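Visitor: Provided below are the primary sequence and the corresponding predicted coordinates.
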Amino acid sequence: MKTTDASVCPYPAGDSTLARMALEAAELGFDSIVAVGENRSHQLHGLEVLQGSVISATSQKEIIRQVRKPAVRDADVIFVNAGDITFNRAAVSVKEVHVIRNIHATRRNAFDHVAARSAAEHETALDISLVPIIQYRGIKRQRALQRYADILALQRRYGFLLTISSGARSILEQRSVREVRDLCALFGMTGAEVNEALSSIGRLIEPKRPVRIVG
Amino acid sequence: MRPRPPAMRTKRRYILARILPYGATHDQKEVFLAVIEAATSLWGDAAVGLAQPAVVFCDCGYAVIRCRRGTEKDIATALATITTIADERVALRTVATSGTIRALRRRMQPIRPLPETGEVTIEGQHFTVYRYPRQKVDLIEKGIMHQKSLFFTEADLEER
């Protein structure tokens, strides 16, 4: 079971290089990180670095078109930015998509029980970004916490996967596993649920399949 | 005024937090204001009033924050939401919680820059290089105020 930070954005998008972020992540208790924009998967300072790719689209057709691009196809983890309710319902059913992200930026009804059931069936995860909890203040943070509590209620009912990401663009935005646990407790997530969410990237890239007898 | 007998005194807890980036020096009052802002915005006035957070000292890249016993977890969560101190980007990493400052002092391991420094130019901007243990390299833009910081490793610097 590997503890993974589901999304970091290293230099030049941020101010810290991938090697430095990997070093810090290892010190903070992570076993692997998903680097968005990185073009290869490798080991750095004893930490596994996975390649992530983010798709911004407005329709299912556009997602499928973008998924076929070589840069996206080669990624270990494919993220799609969440949109309105119809888009999200369609996005969770695309086989190649691993994670729906930026759910805190959508309307309250953008991810409902139908999308939740579909996400559980297709083994698509929903990302909980720590950016709004750490960096926002006031009503914006309250809204994000409400959204996350709502998603947690759906997750407990339908059992789809959750991932937790720091979304860090700098080593100053990375948080330790213990801090992640405390921050997720703000919207009612238990320690066991946080551990499961931190390890779900491994299950996404290597899903459980029935045993196949070869030869 | 005679002090209260020990059994009637308020029980305290002390949180040791490391301040990042390395080498940043902050006034105790500035750290206190950042802690209070973060805690108040997260937990509200009533909870922070009961927690009584205070910065005991701020030295060698560490800060020790005092609070009432039982509220240390809430204050540690609030510390994780601090992003700036006096308009400078920082992170406060909780290292340990204890009932005595002495125990926390034992946990403090000051990180000082290695003697070899240098200069480097990246995308037309001039940076001063500060090297730290474990091959960490911090680049601080040359200037007077609001200098940009980059966080590299020795290998990243050699590649350029």
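Guide: Structure's in. What do you need?

Visitor: contacts, neighbours, all on C-alpha from now
Guide: OK.

Visitor: is the lowest-mean-pLDDT helix or strand in chain A in proximity to chain B?
Guide: Here the helix or strand of chain A ranked lowest by mean pLDDT, DSSP states H and E is strand A:42-44, holding a mean of 85. No: remark: strand A:42-44 sits outside contact range of chain B, by C-alpha under 8 Å from any C-alpha of the partner chain, the gap being at least 11.3 Å.

Visitor: buried residues in that strand, which are they?
Guide: Neighbour counts using 16 or more other C-alpha atoms under 10 Å in any protein chain shown place A:L44 of strand A:42-44 among the buried residues.

Visitor: which strands and helices sit next to it?
Guide: helix A:18-27, strand A:47-55 (3 or more C-alpha pairs under 8 Å, 6 or more residues apart in numbering or on different chains; DSSP states H and E).

Visitor: ok, the shortest one: who's next to it in the sheet?
Guide: Spelled out, it's strand A:47-55. strand A:32-36 (parallel), strand A:42-44 (antiparallel), strand A:77-81 (parallel) (DSSP bridges).

Visitor: hmm, back to that, how far does the least confident helix or strand of chain A sit from the chain's center?
Guide: Centroid separation between strand A:42-44 and its chain, computed with C-alpha atoms, centre = their mean, to the nearest Å, is 20 Å.

Visitor: what do you get for stretch B:126-139?
Guide: Worked out by C-alpha atoms, centre = their mean, stretch B:126-139 lies 19 Å from the chain centre.

Visitor: what about that stretch, near chain A?
Guide: Yes: using C-alpha under 8 Å from any C-alpha, stretch B:126-139 comes into contact with chain A via B:K136.

Visitor: what's that stretch in contact with?
Guide: If you take C-alpha atoms under 8 Å, 6 or more residues apart in numbering or on different chains as the criterion, stretch B:126-139 is touched by A:20, B:111-121, B:140-142, B:149-155.

Visitor: before we move on, what about stretch B:26-45?
Guide: A:137-138, B:47-48, B:53-55, B:57-58, B:74-75, B:78-79, B:81-82, B:84-86.

Visitor: among those residues, which ones are in strands?
Guide: Counting by DSSP state E, these place B:54-55, B:57-58, B:84-85 in strands.

Visitor: in CSV, list those along with distance to chain A, neighbour count and pLDDT.
Guide: Listed next are the ones in strands among the contacts of stretch B:26-45 as CSV, based on distance: C-alpha to the nearest C-alpha, whole Å; neighbours: other C-alpha atoms under 10 Å in any protein chain shown; pLDDT from 0 to 100:
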residue, distance to chain A, neighbour count, pLDDT
B:A54, 20, 19, 97
B:V55, 20, 20, 97
B:F57, 22, 17, 93
B:C58, 19, 22, 93
B:T84, 10, 18, 95
B:I85, 12, 19, 94
